[in-house]
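Engineer: Quick one: sequence and predicted model below, then my questions.
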Amino acid sequence: MPLAGTRDIAELVAESASMPDVKTEPWTLKDVSILQVMYEIRQGAMLSLLPSSLGPTIPPTLVFTVIAAHESEIGPFTVAEVRVGCRAGARPRSFLARAYTDSPAAAEALATRWGYPIGLADVRLRPGYDRVRLEVKLDGKPILEAAMLNPEAISGSDVQWLPNVHLARIQRDGVEIARIIQVDPDFIYHKADRGKPELTSFDADAWRLAGAEPWWPVSASHVKADMTLPRIRFVLDPSKPAVAGVERVG
Amino acid sequence: MKFGLFYELSVPRPWGENEYKVYHRALEQVRLADELGFDQVWAVEHHFLEEYSHCSAPELFLTACAAQTKNIRVGRGIVVCVPEFTHPIKIAEQAGVLDIISNGRLEFGTGRSATWTELGGFGVDPDETKKTWDEITRVLPKMWTQERFGYQGRCFSMPERAILPKPIQKPHPPMWVAVTSPGTELDAADRGMGSLGLTFGTFADQETKIAEYRRRIRYCEPVGEVVNEQVNTVSFLYCHEDDEVGTKTGLRISGTFNYLAEQLLAARQAYPSRSYPNLGLLPNLRRQSQAVDEVSVPEGLSVGNPDRIITAIKKWESVGVDRINFLLNALEIVPQEDVLKSMRLFAKEVMPHFKGSTVQVGPRMSMPMHADVAAGGL
């Protein structure tokens, strides 16, 4: 049968977000700018990056994403994510071990309402006509620098991004338990570009992805879109295979 | 209605020992299929698709099939018509050899690959594949039928050379298009090629698509020298006297197959491109062959007892399908002896309800045995 992750999740659970209630309301962010860069990773570490309830894609990938929300009810903010392409049973997903944002209010909202494992950092998305760059600095040190070069217009309908899954602690009968939370945003695309991916700096430890070695560029895309973070529909018991551990919310 | 086998050749870990078993069990199934009166055996071309498909050299597998059988036709399902995979000259040459070895039993399916796993592995620009498929399918019949062939094209060029050997079917083997994305059946119709359906779909979906295919092909500009107006679909087969055993086992096969398929990286998931407007075969297989609940059988699957399977195939027949190809196993979850029993039961109880009722649709290919071969010479 397909391969499964081998990651000991104790450390991730310990620093994961605590969610008071998984029954959250949707949150629509208008006219966000999103850059996504995908690389294949060397296969030596592909199992050690994922919990045992998830499996790697063939080939294994990392997805670098920055989302810039210029307007929101909590003010402007920018979020950076590095996710491991994976499968939950037969479902295409991407596993987020650590995210960063430049806004304490956004960190609070994303952690408590959607369980994001998120910290504060300097996160920038710098659009240009020749390239779109993303930069993330933690305590002044670059932990991620990537770009999309030579943007060319494509249709938003050509873009397909994978839903997030990440570990969080949720309440169940008065007890806090670990669950993998699935967040599958909806997008309404206004503009989309595709270009050549470039990765110039990546600190795997800072993203809780020790051993991940992105080495083969795949694609880069940049969109303007309305993005809705939805109600959480499913969580997954990380101690079980995905086909047996899925729990419907509500 | 004609029946066939369809091979992805999925192999459970550990591969070394199991690859040998899977290949040789498949050959045993093909020999039995030939004896039982199945009409065709198809093999995919896939590369790097761990467990899901270890069928990377189908021309060799099918050559073995041809050498070990007498009547069953051998189908490339499909040849990836992308030069980085195989140069068009070699595609034409391999087809010529296989048609000779099989004594004119080659069916020639064409396609372009739908996974980043494969396209990325060969360094292919996903934007290009539909264009290269179109160009290569137009030149292949000329390579087969012209004594010498020269070409200045978009994805390749060559000075005049004799591309050898030539297929023995005249004017050339029947050509098909792998249909996974919506609308590709119309590409097949417009080019006068057969529709080699690789997704399940509902009867209603298929009926509409087949009707439009039949309408469009009447106005086609054939890429070859003959029109191949036929519709081929694919299903899972597990036939058992006990309906519950048959359906449960069949659904295990389809579930395992779909689970494997989803571990791959579809082109669209990795590389945004207009060339891949949907995810292709893999999610379609998953969605359309999943049971609504644990006890129901998805529409059109050939699993269960003979009566249930006859009903499903009659329905396929009624919506215009000419041929059905069956996947027999996945990851070897069903023991070989049970697979062979299922084939025998199908041949005994189901085939007689369809043999002889074949409706000839459209012009058919002439498939003469080469005179020298017939005479035992050469």
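Structural biologist: All right, it came through fine.
Engineer: Nearest the middle, which residue of chain B would you pick?
Structural biologist: B:Gly77 (3.3 Å; Cα atoms, centre = their mean).
Engineer: For that one, pull up the helix or strand it's in.
Structural biologist: strand B:73-80 (DSSP states H and E).
Engineer: Next, the contact list for residue 164, please.
Structural biologist: By default, I'm working from chain A. Applying Cβ atoms under 8 Å, 6 or more residues apart in numbering or on different chains, we find A:Asn164 in contact with A:Glu81, A:Arg83, A:Arg93, A:Ser94, A:Leu96, A:Ile181, A:Gln182, A:Val183, A:Asp184, A:Pro185. Every C-beta, even on glycine, is put in place using the N, C-alpha and C of the backbone.
Engineer: Chain B was what I was after
Structural biologist: Contacts of B:Leu164 by Cβ under 8 Å, 6+ apart are B:Glu93, B:Gly96.
Engineer: so is it in a helix, a strand, or just coil?
Structural biologist: Under DSSP: H, G, I helix; E, B strand; the rest coil, the three-state class of B:Leu164 is coil.
Engineer: And it, how far from B:Lys90?
Structural biologist: B:Leu164 sits 12 Å away from B:Lys90, going by Cβ to Cβ, to the nearest Å.
Engineer: re the thing from before, by contact count, what packs against the strand holding B:Gly77?
Structural biologist: strand B:2-7, strand B:40-43, helix B:58-67, helix B:88-101, strand B:106-111, strand B:175-179 (3 or more Cβ pairs under 8 Å, 6 or more residues apart in numbering or on different chains; DSSP states H and E).
Engineer: Need the residues that contact that strand.
Structural biologist: With Cβ under 8 Å, 6+ apart as the test, strand B:73-80 has contacts from B:4, B:6, B:39-45, B:58-59, B:62, B:65-66, B:86, B:91, B:95, B:98, B:102, B:105-113, B:118, B:176-178, B:196, B:198, B:325.
Engineer: Name the secondary structure element that contains A:Ala168.
Structural biologist: strand A:164-172.
Engineer: Do you have the strands of the stretch 251-378 of chain B handy? List them.
Structural biologist: Secondary structure of the stretch 251-378 of chain B by DSSP state E, counting those that start in this stretch: the strands cover B:302-304, B:323-327.
Engineer: Pull out the buried residues from the top helix by length along chain A.
Structural biologist: Secondary structure of chain A per DSSP state H: the longest helix is helix A:104-114. Using 16 or more other Cβ atoms under 10 Å in any protein chain shown as the test for burial, helix A:104-114 gives A:Ala106, A:Ala107, A:Ala109, A:Leu110, A:Ala111, A:Thr112, A:Arg113, A:Trp114.
Engineer: I would like the residues contacting it, please.
Structural biologist: Contacts for helix A:104-114 (Cβ under 8 Å, 6+ apart): A:17-20, A:24-25, A:27, A:69, A:72, A:74-75, A:77, A:79, A:99, A:101, A:116-120, A:181, A:183, A:229, A:232.
Engineer: Identify the residues contacting the nearest residue to B:Phe326 once chain neighbours are set aside.
Structural biologist: Closest residue in space to B:Phe326, ignoring its immediate chain neighbours: B:Leu237 at 3.5 Å, by Cβ to Cβ, 6 or more residues apart in numbering or on different chains. Residues near B:Leu237 by Cβ under 8 Å, 6+ apart: B:Gly250, B:Ser302, B:Val303, B:Ile309, B:Phe326, B:Leu327, B:Leu328, B:Ser342, B:Met343, B:Phe346.
Engineer: Swap in 10 Å and give it another go.
Structural biologist: By Cβ atoms under 10 Å, 6 or more residues apart in numbering or on different chains, the contact list for B:Leu237 reads B:3, B:5-6, B:246, B:250, B:253, B:301-303, B:309, B:324-329, B:339, B:342-343, B:346, B:350.
Engineer: Sticking with it, tell me its helix or strand.
Structural biologist: Judged by DSSP H and E, B:Leu237 forms part of strand B:231-239.
Engineer: picking that back up, let me know the closest of the buried residues of helix A:104-114 to chain B.
Structural biologist: Chain B lies nearest to A:Trp114 out of the buried residues of helix A:104-114, by Cβ to the nearest Cβ, at 22.2 Å.
Engineer: For chain B, give me the ranges with low pLDDT.
Structural biologist: Residue ranges of chain B with pLDDT under 70: B:199-201, B:278-295, B:356-378.
Engineer: hmm, 90 instead?
Structural biologist: Within chain B, the segments meeting pLDDT under 90 span B:15-16, B:180-183, B:197-206, B:208, B:258-259, B:261-263, B:274-300, B:355-378.
Engineer: Spell out the residue ranges of the helices in it.
Structural biologist: For chain B, the helices defined by DSSP H occupy B:15-36, B:58-67, B:88-101, B:116-121, B:129-145, B:184-190, B:203-217, B:243-261, B:267-270, B:281-289, B:306-319, B:336-345, B:371-374.
Engineer: just chain A next, same as before
Structural biologist: According to DSSP H, the helices that chain A contains are A:10-14, A:104-114, A:242-245.
Engineer: Tabulate these (CSV), appending distance to B:Gly123 and mean pLDDT.
Structural biologist: Shown next, in CSV, are those (distance: least, Cβ to Cβ, whole Å; pLDDT from 0 to 100):
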stretch, distance to B:Gly123, mean pLDDT
helix A:10-14, 35, 97
helix A:104-114, 38, 98
helix A:242-245, 32, 90
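Engineer: Identify the residue nearest the residue in chain B positioned nearest to chain A in space, chain neighbours excluded?
Structural biologist: With Cβ to the nearest Cβ, the shortest gap between chain B and chain A falls at B:Glu262, namely 3.9 Å. Distances taken as Cβ to Cβ, 6+ apart place A:Ala90 nearest to B:Glu262, at 3.9 Å, with adjacent residues excluded.
Engineer: on that earlier part again, and A:Arg131, which of the helices and strands packed on strand B:73-80 is closest to it?
Structural biologist: strand B:106-111 (35.4 Å; Cβ to Cβ).
Engineer: Quick check: the residue of chain B closest to chain A touching A:Val243?
Structural biologist: No - using Cβ atoms under 10 Å, B:Glu262 makes no contact with A:Val243, being 11.3 Å away.
Engineer: Pick out whichever of these two has more residues nearby.
Structural biologist: The neighbour comparison of B:Glu262 against A:Val243 (other Cβ atoms under 10 Å in any protein chain shown) goes to B:Glu262, with 24 against 13.
Engineer: Got phi/psi on the more buried one?
Structural biologist: With angles defined as degrees, to the nearest 10, B:Glu262 sits at phi -80, psi -10.
Engineer: just to revisit the earlier point, so which of the helices of chain B gets nearest A:Gln171?
Structural biologist: helix B:243-261 (32.1 Å).
Engineer: Next, count neighbours for residue 230.
Structural biologist: No chain was given, so I picked chain A. Neighbour tally, A:Pro230, other Cβ under 10 Å: 17.
Engineer: hmm, I had chain B in mind actually
Structural biologist: 24.
Engineer: Likewise for B:Ser296?
Structural biologist: Counted with other Cβ under 10 Å, B:Ser296 comes out at 10.
Engineer: for B:Tyr213, same thing?
Structural biologist: 23.
Engineer: Check A:Pro127 too.
Structural biologist: A:Pro127: 16 neighbours (other Cβ under 10 Å).
Engineer: Burial check on the closest residue to chain B within chain A, number of neighbours?
Structural biologist: Nearest residue of chain A to chain B: A:Ala90, at 3.9 Å (Cβ to the nearest Cβ). A:Ala90: 21 surrounding residues under other Cβ under 10 Å.
Engineer: pLDDT score for it?
Structural biologist: pLDDT recorded at A:Ala90 is 86.
Engineer: from memory it sits against B:Ala261, does it?
Structural biologist: Yes - using Cβ under 10 Å, A:Ala90 is in contact with B:Ala261, at 7.9 Å.
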